[in-house]
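J.: missing the sequence, but the structure's below:
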């Protein structure tokens with residue numbers, strides 16, 4: 001038996017925002033799995049800001065997607081054929097399967113999903129890579145304590161929304177930054193103490209008003225002007241976790257570095273980058289805590305799911321940078 005599958009391949013590296021010339025849509029036939037393999041019928045594809053970085057031929061934590069290769073992506077689906085001892089037909093799994101309808105896998109870095117614990121979409125969001133990133137950034141870099149002030153940029157996004165709610169659950173005073181009244185209202189509904197609308201400008205003044213005694217921990221998803229606003233408002237001994245810099249991902253030239261970095265010296269603060277995969281042997285710990293908080297209604301796991309299938313991936317990816325999502329952004333296959 002074989003399965004007809006469409007897949008999205010990288011045709012050329014983009015300068016600035018990816019466009020129609022960046023991608024090629026290919027039709028392929030996926031055959032029966034070989035020994036130690038299985039075939040997954042993908043149902044959801046994860047859309048992540050990191051994808052833009054994977055298109056650049058530069059030295060990074062992961063090799064770039066090669067020209068002609070299927071676009072790298074996390075996803076989830078159901079196994080439809082298997083010759084693997086540990087994965088059976090009907091198992092629901094997640095992994096780095098790529099932007100395609102059907103994928104063949106040998107099980108490397110694949111996770112079985114328990115849909116009795118949470119829906120598939122949540123396993124790609126709050127209980128997936130974004131949730132793990134939020135948890136370990138807060139625990140290992142932030143080292144937050146009850147009563148401390150936490151500032152989160154892109155706080156209505158996949159990672160930021162979990163960071164903000166986890167920090168509230170830990171007894172912190174949480175300030176979220178988002179773009180537009182709808183996202184501001186949503187963050188207020190989930191219980192943040194203060195919410196800043198970045199579209200109103202003057203971020204330094206807005207952060208100072210929200211955190212008059214300074215910020216103890218800043219979780220940075222944005223970089224650029226937002227990072228400078230945080231640096232301008234640090235408390236003594238503050239920590240900054242560098243998770244992402246979505247404001248610069250589509251720039252054709254490298255942006256200028258932080259202008260206020262000397263605040264790290266003045267306030268004896270630290271700024272640290274981290275990768276969630278450094279903590280992969282502890283994912284079960286994070287899943288257990290986050291799933292419990294979801295069950296207790298102390299974390300709201302939210303996803304924005306786009307319809308259209310893999311052929312709409314090029315436009316769906318751009319939605320990340322225009323802010324179409326609240327919570328995790330997913331593409332329905």
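T.: Cool, the structure landed. Worth saying up front: this structure is predicted, and the values here are computed from it rather than measured.

J.: For the rest of this, base every contact and every neighbour count on C-alpha atoms.
T.: Will do.

J.: Report the separation between the spatially most central residue of the chain and residue 295.
T.: Closest to where the C-alpha atoms of the chain average out (Cα atoms, centre = their mean) is residue 130, at 4.3 Å. Residue 130 is 18 Å from residue 295, where distance means Cα to Cα, to the nearest Å.

J.: Over to residue 173?
T.: 22 Å.

J.: So between the two, which is more surrounded?
T.: Relative neighbour count places residue 173 above the other of residue 173 and residue 295, with 22 against 12, counting by other Cα atoms under 10 Å.

J.: residues contacting the more buried one?
T.: Each residue near residue 173 by Cα atoms under 8 Å, 6 or more residues apart in numbering is listed here: 147, 148, 149, 150, 167, 192, 193.

J.: hmm, 7 Å instead?
T.: Taking Cα atoms under 7 Å, 6 or more residues apart in numbering, we find residue 173 in contact with 147, 148, 149, 150, 193.

J.: Same check on residue 116?
T.: Under the criterion of Cα under 7 Å, 6+ apart, the contact list for residue 116 is empty.

J.: a strand runs through it, doesn't it?
T.: No: secondary structure of residue 116, determined by DSSP: H, G, I helix; E, B strand; the rest coil: coil, with no strand assignment.

J.: what comes up buried for stretch 6-26?
T.: Of the residues in stretch 6-26, those buried under the neighbour-count criterion (16 or more other Cα atoms under 10 Å) are 6-14, 18, 22-25.

J.: Quick check: the farthest pair among the residues you listed?
T.: 6 and 14 (21.7 Å; Cα to Cα).

J.: Residue 162: what secondary structure?
T.: helix.

J.: Can you report how many residues neighbour it?
T.: Under the neighbour criterion other Cα under 10 Å, residue 162 is assigned a count of 31.

J.: And for the one 4 residues further on?
T.: Here the count is done by other Cα under 10 Å, and residue 166 has 23 residues near it.

J.: Residue 196 versus that one, what's the distance?
T.: Distance of residue 166 to residue 196, given as Cα to Cα: 18 Å.

J.: can you check residue 45 too?
T.: Plainly put, residue 45 is 30 Å away from residue 196 if you go by Cα to Cα.

J.: of these two, who's got more company?
T.: residue 45 (31 against 26).

J.: Past the host helix or strand of that one, which element shows up next along the chain?
T.: In this assignment (DSSP states H and E), residue 45 forms part of strand 38-46. Following strand 38-46 in sequence order, the next helix or strand is helix 50-54 (DSSP H and E).

J.: and that following helix, how far from the chain's centre?
T.: Here the centre of helix 50-54 is set off from its chain's centre by 11 Å, with Cα atoms, centre = their mean, to the nearest Å.

J.: same question, stretch 286-303
T.: Its chain's C-alpha centre and that of stretch 286-303 lie 16 Å apart, by Cα atoms, centre = their mean.

J.: can you check stretch 325-333 too?
T.: Distance, stretch centre to chain centre, for stretch 325-333: 11 Å (Cα atoms, centre = their mean).

J.: Now do the strand holding residue 45, average pLDDT.
T.: If you average the pLDDT over strand 38-46, you get 98.

J.: So what touches it?
T.: The contact list for strand 38-46, computed with Cα under 7 Å, 6+ apart, reads 33, 73-84, 99, 101-106, 124, 329-333.

J.: Can you report how many residues neighbour residue 174?
T.: A count of neighbours around residue 174, defined by other Cα under 10 Å, yields 27.

J.: residues in contact with the residue nearest to the centre of the chain?
T.: Taking Cα under 7 Å, 6+ apart as the contact definition, residue 130 lies against 158, 159.

J.: and it, that one's in a helix?
T.: Yes: Residue 130 sits within a helix when classified using three-state DSSP.

J.: What distance do you get for it to residue 160?
T.: Following Cα to Cα, the distance that separates residue 130 from residue 160 is 8 Å.

J.: Residue 189 too?
T.: Remark: distance between residue 189 and residue 160 (Cα to Cα) = 15 Å.

J.: the more surrounded of these two?
T.: With neighbours defined as other Cα under 10 Å, residue 189 and residue 160 compare such that residue 160 has more, 28 against 10.
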